[in-house]
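Asks: What follows is a predicted protein model with its sequence.
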Amino acid sequence: MSKKNQTLGEFIIENQSSFKYTSGELSRLINSIRLAAKVVNHEVNKAGLVDIIGAVGETNVQGEDQQKLDVYANNKFIQTMTKRNIVCGIASEEEDDFISINSQDENHQNKYVVLIDPLDGSSNIDVNVSVGTIFSVFRRVTPVGTPVKIEDFLQKGNQQVAAGYVVYGTSTMLVYTTGDGVNGFTLNPAIGTFYLSHPDMQFPENGQIYSVNEGNYIHFPQGIKNYIKYCQQEEGDRPYTSRYIGSLVSDFHRNMIKGGIYLYPKSSTNSEGKLRLLYECNPMAFLAEQANGKASDGFTRILDIQPTELHQRVPFICGSKNMVEKAEEFMRNA
């Protein structure tokens, strides 16, 4: 049985047998993400002391200004997973196309592809607000030993074998699932080790926090507008408290611990939504469902959406189960 203060390495070894594919490859993959997260964490904590904050003067495939730390984190995660020879492909929010990794071994048997948002909320770095890394892991669907293809990445979220995030905040935490619950590990910076601090994390079924950028209210669908008004009404356990950081990892993490709902709907300015299905919504939806929460686009379960492109955007509603279902009710009735 897993115990608090157990190291992440010990936890991975102890729980490897509970994962239906027990080759050890996935364990090595989680370990490589742990290593890259520690390197990125070290750089994030130096922001302001070295020339690592601010924009690089370029935009990524999303049309967003790339921050220096975006580029740094992207390179570190790709280098770490590539050099350790454990994945056959990587797709990153910062890259135009997926990366096919050809092992030095011509008969490589690598089975996993990783989709990653290397530094979610990176525009907050300059003002010392928490940021994070989000990752999603799938087993490839094309033949092992051949170069990966786009279909290896365009899988429904319900096919994920692992997902998680790292939050670089007042403490650095790695939170992940392999389909058997959600566990959180806090980094002890003095010795560089992650320890199990939040075993079996669960969303409360109800919460009193709603997280949405209300500055975009005028552009939201009527169903979302109605739900926000419902959250603000004084009745029963309402009004709810509005808490919005603007970093998905941070907002999700708080709501999972305290109970709440996160909303990033489509709008008249973002007709398909803003968040990326493969790099943000799928991994967070998998974590939410494993933690007794729910994730939806307002009508459809996120994990049942069939992706059609690498950088596809979707509306996203995620959090405590009863709160998400109430928001869906407002969407249906609008």
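Replies: Looks like it came in fine.
Asks: so how far is G121 from T82?
Replies: Using C-beta to C-beta, to the nearest Å, T82 is found at 25 Å from G121. All C-beta atoms are positioned from the backbone trio N, CA, C, and that covers glycine.
Asks: Same check on R243?
Replies: Using C-beta to C-beta, one obtains 15 Å as the distance from R243 to G121.
Asks: So which residue is smack in the middle of this protein?
Replies: Nearest to the geometric centre of the chain sits I134, at 3.4 Å (C-alpha atoms, centre = their mean).
Asks: returning to that earlier point: so between T82 and G121, which is more surrounded?
Replies: G121 (22 against 16; other C-beta atoms under 10 Å).
Asks: who's in contact with the nearest residue to that one once chain neighbours are set aside?
Replies: Of all residues not flanking G121 in the chain, S247 sits nearest, at 2.8 Å (C-beta to C-beta, 6 or more residues apart in numbering). Contacts for S247 (C-beta atoms under 8 Å, 6 or more residues apart in numbering) come out as 120-121, 124, 129-132.
Asks: Over to V44?
Replies: By C-beta under 8 Å, 6+ apart, the contact set of V44 is 69, 125, 131, 168.
Asks: Put together CSV for those residues, with secondary structure and neighbour count on each row.
Replies: Below are the contacts of V44 laid out as CSV (DSSP: H, G, I helix; E, B strand; the rest coil; neighbours: other C-beta atoms under 10 Å):
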residue, secondary structure, neighbour count
L69, helix, 24
I125, helix, 23
V131, strand, 28
Y168, strand, 29
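Asks: Now flag whichever of those is closest to S100.
Replies: L69 (25.9 Å; C-beta to C-beta).
Asks: Please report how far that closest one lies from F135.
Replies: Separation of L69 from F135 (C-beta to C-beta): 17 Å.
Asks: and what of T241?
Replies: Distance, T241 to F135, using C-beta to C-beta: 30 Å.
Asks: Looking at these two now, which is surrounded by more residues?
Replies: The neighbour comparison of T241 against F135 (other C-beta under 10 Å) goes to F135, with 27 against 13.
Asks: For the chain, give me the ranges with low pLDDT.
Replies: 1-2, 18-23, 46-67, 103-108 (pLDDT under 70).
Asks: which non-adjacent residue is nearest G192?
Replies: Of all residues not flanking G192 in the chain, K38 sits nearest, at 5.9 Å (C-beta to C-beta, 6+ apart).
Asks: element containing the one you found, please.
Replies: Using DSSP states H and E, K38 maps to helix 25-44.
Asks: Just the buried residues of that helix, please?
Replies: 26-38, 40-41, 43-44 (16 or more other C-beta atoms under 10 Å).
Asks: Closest to C318 out of the contacts of V44?
Replies: Proximity of the contacts of V44 to C318 (C-beta to C-beta) peaks at V131, which lies at 18.4 Å.
Asks: list the contacts for that closest one?
Replies: By C-beta under 8 Å, 6+ apart, the neighbours of V131 are 44, 69, 119-122, 124-125, 167-168, 247, 249-250.
Asks: let's go with 6 Å and repeat that
Replies: Going by C-beta atoms under 6 Å, 6 or more residues apart in numbering, V131 touches 119, 121-122, 124-125, 168, 247.
Asks: just Y227 next, same as before
Replies: Contacts here follow C-beta under 6 Å, 6+ apart; on that basis Y227 touches 327, 330.
Asks: quick one: secondary structure of it?
Replies: Three-state assignment for Y227 (DSSP: H, G, I helix; E, B strand; the rest coil): helix.
Asks: how far away is it from Y262?
Replies: Distance, Y227 to Y262, by C-beta to C-beta: 12 Å.
Asks: and if you look at N31?
Replies: Using C-beta to C-beta, N31 is found at 29 Å from Y262.
Asks: Could you double-check that R313 sits in contact with G273?
Replies: Yes: with contacts counted by C-beta atoms under 6 Å, R313 reaches G273, the gap being 4.7 Å.
Asks: circling back: just the buried subset of the contacts of S247, please.
Replies: The neighbour count (16+ other C-beta under 10 Å) marks 120-121, 124, 130-132 as buried among the contacts of S247.
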